[in-house]
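S.K.: what's the 3D shape of this:
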Amino acid sequence: MSEIEYFYAAHSAFAYLGSARFMAIAAAAGRTIAHKPMDLRRVIAAGGAQPFNQRGAGHYAYYFRREIDRWAEYRGAPVMAGRPQHHDNDITLPNGMLIAGLVQGLNIDLLAHALLQAHWRDDADLAERDTLAAIANGIGVRPGPLLDAALSDEVRAIYEANTQDAIDRSVFGSPAYFVDGDMFYGQDHLELVERALSQPFAPSPEAYAP
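M.R.: Numbers count the residues shown, from 1 in each chain. Predicted coordinates:
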């Protein structure tokens, strides 16, 4: 296979932290990225996990601050202090914008990175059409055709299919990468993704059964 499947959401902190590194890994391996923007909140719920804002204070502080700060420093991906104030807004429009780009034949690697970066570095509200337009213009992408199609029936159908595909394949968060069918969850596994692209891991003898 020539593609790496990439399940993520346009507002995901950990997708942002791994974005530049992931794209460099894919390029070095000669692989294209099959973007699969998904409804992360539905995927998390389907996996049985509580939404982050309903978890304990200690867990939240570790996972949504300490982990972010350490990985931001390690990856060289600057992040804002605190949590983006618009993080809980509807994420349908930015995810749809990315899918619309795919439908229209664009390489959306840079756009995906720009949306993630704007949210986590600059506190951008990704539910705002004007904000999304400014982000796209900033990297030389015409935003009008993408935003006009972002909520279309065609794009919504793909968004739903991506989300259901993620649920069916036991994706439980963002980002998740599939290398020739083998899933790697979390940007902290990118070094394993890199290894798998040149030397696939041996299959596990048995699937884990709880």
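
S.K.: which residues of this structure fall in strands?
M.R.: Assigned by DSSP state E, the strands in the chain fall at 3-8, 32-37, 176-179, 182-185.

S.K.: pLDDT below threshold where in this protein?
M.R.: The model of the chain has pLDDT under 70 over residues 1, 49-53, 207-210.

S.K.: since we're on the closest residue to residue 89 other than its chain neighbours, how many residues are nearby?
M.R.: Sequence neighbours aside, residue 127 is the residue nearest to residue 89 in space, at 3.9 Å (criterion: Cβ to Cβ, 6 or more residues apart in numbering). Heads up, the C-betas are built off the backbone N, CA and C, glycines and all. Neighbours of residue 127 under the rule other Cβ atoms under 10 Å: 16.

S.K.: show me what contacts residue 127?
M.R.: By Cβ atoms under 8 Å, 6 or more residues apart in numbering, the contact list for residue 127 reads 86, 89-91, 93-94.

S.K.: determine which two of the residues you listed are furthest apart.
M.R.: Greatest spatial distance among the contacts of residue 127 (Cβ to Cβ): 86 and 93, at 11.8 Å.

S.K.: where do the contact lists of these two overlap?
M.R.: 126-127.

S.K.: quick one: which of the strands of the chain is nearest residue 54?
M.R.: Closest approach to residue 54 among the strands of the chain (Cβ to Cβ): strand 182-185, 20.6 Å.

S.K.: could you export the strands of the chain as CSV, including distance to residue 14 and mean neighbour count?
M.R.: Formatted as CSV, the strands of the chain follow (distance: least, Cβ to Cβ, whole Å; neighbours: other Cβ atoms under 10 Å):
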stretch, distance to residue 14, mean neighbour count
strand 3-8, 9, 23
strand 32-37, 15, 21
strand 176-179, 10, 23
strand 182-185, 10, 16
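
S.K.: list just the one of the ones you listed that sits closest to residue 143.
M.R.: Ranking those by proximity to residue 143 (Cβ to Cβ) places strand 32-37 first, at 16.2 Å.

S.K.: run through who's touching that closest one.
M.R.: With Cβ under 8 Å, 6+ apart, strand 32-37 has contacts from 2-10, 22-23, 26, 95-96, 98-99, 102, 108-109, 112, 159, 162, 165-166.

S.K.: relative to strand 3-8, how tilted is that strand?
M.R.: Per axes from the mean of the first three to the mean of the last three Cα atoms, to 10 degrees, the angle that strand 32-37 makes with strand 3-8 is 20 degrees.

S.K.: no further questions, thank you.
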